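> pasting a predicted model and its sequence here:
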Amino acid sequence: MNFLGPQRFIAIDGACLNRNLGLRSSLLPALLFLLSFVLSPAHATPLLVSDTETAAAGYYQLSWEYPSLSPTLSVLEESDHEDFSVVKIIYQGSDRASVFSGKPDGDYYYRLKLISPVHSQYSNTVRVIVKHHSLYKAWWFFLLGAVVFVTTTGLIYLGSRPSGPGNE
C-alpha cells in the first residue's frame, strides 16, 4: 500500500473521501436531483393567476404555483402584445408572487417561464387591463371627501361649545 500517494476510502453511504484534498462527494444526491427533473411530467406547467381582471385602483398582484417536482427559479415576462412579440422580463427569482403599481392605462399580458437543467416551460397567459378611474370621478370623490370633512369638523366645533346662558 502506498502511504505517500493519494488514498481513497469508501464510506458506508457510497461517498468517496479523498484524504489528500479533504473532500467528500456523493453522486447519489446529485443523481436524485437530476432524476427529479427528468421524471417530472412534461405537461406539468406552472399556473399564473391575477387577483383582478381589470385594475381600476392602479395596482394588482400576480401569483403563481409550481408543479410538484419543478424547479423554483422562474422568469416573469410582460408584453403589450398578446403574441409576446415584444417581451420585457420584469422578475427573475424564486418568489411566488409580485405586486404591480404605477402602470399607465392599457392591456398587459404576462407569462411565467420555469428554468430547469432539462427543460423550460411557459405558464398560461394572463391578461390584466389597467383602466384608472376617470378624472371626473376622481373630482367627485374629492368633493365628497371635502364635504364629509367640513361637516365633521363643524359638528365637533359645535359640540364642544358651552351651551346655555351664563356659560361663557
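That came in fine, so what should we check first?
> show me where the protein has its helices.
Defined through DSSP state H, the helices belonging to the chain, from first to last, are 27-38, 135-160.
> mean pLDDT for those helices: which is lowest?
Summarising mean pLDDT across the helices of the chain, the least confident stretch is helix 27-38, with a mean of 52.
> care to break the chain down by domain?
The chain resolves into domains spanning 8-38, 47-130 when parsed by automatic domain parsing.
> tell me the mean pLDDT over the last one?
What it means is domain 47-130. 87.
> use 33 as the first number from now on
Right, with 33 as the first residue, what we last looked at is domain 79-162.
> distance between the ends of that domain?
Across domain 79-162, the terminal residues are separated by 21 Å (Cα to Cα, to the nearest Å).
> note down every partner strand of the longest strand seen in the chain and its orientation.
Once the chain is assigned using DSSP state E, the strand that runs over the most residues is strand 138-147. Listed by DSSP bridges, the sheet partners of strand 138-147 and their directions read strand 106-111 (antiparallel), strand 152-154 (antiparallel), strand 158-162 (antiparallel).
> any idea how far R128 is from S95?
Going from S95 to R128 by Cβ to Cβ, to the nearest Å gives 6 Å. For glycine as for every other residue, the C-beta is placed from the backbone atoms N, C-alpha and C.
> before we move on, what about H113?
Summarising the geometry, the distance separating H113 from R128, computed by Cβ to Cβ, is 26 Å.
> show me which of those two is the more surrounded one.
Using other Cβ atoms under 10 Å, the more surrounded residue of H113 and R128 is R128, with 14 against 10.
> thinking the more buried one is in contact with Q93, fair?
No - R128 lies out of contact with Q93 (Cβ atoms under 8 Å); the separation is 10.9 Å.
> what's the local residue count around V81?
As a measure of burial, V81 has 13 neighbours, counting by other Cβ under 10 Å.
> do the same with Q153
Counted with other Cβ under 10 Å, the burial measure for Q153 works out to 17 neighbours.
> just list whatever residues bridge to it.
The partner list for Q153 in beta bridges (DSSP bridges) reads L146.
> ditto for L94
Here L94 sits in beta bridges with S82, S130, as judged by DSSP bridges.
> roughly how far does it sit from L167?
When Cβ to Cβ is the yardstick, L94 and L167 sit 28 Å from each other.
> between the two, who's got more neighbours?
A count of neighbours by other Cβ under 10 Å puts L94 above the other of L94 and L167, at 22 against 8.
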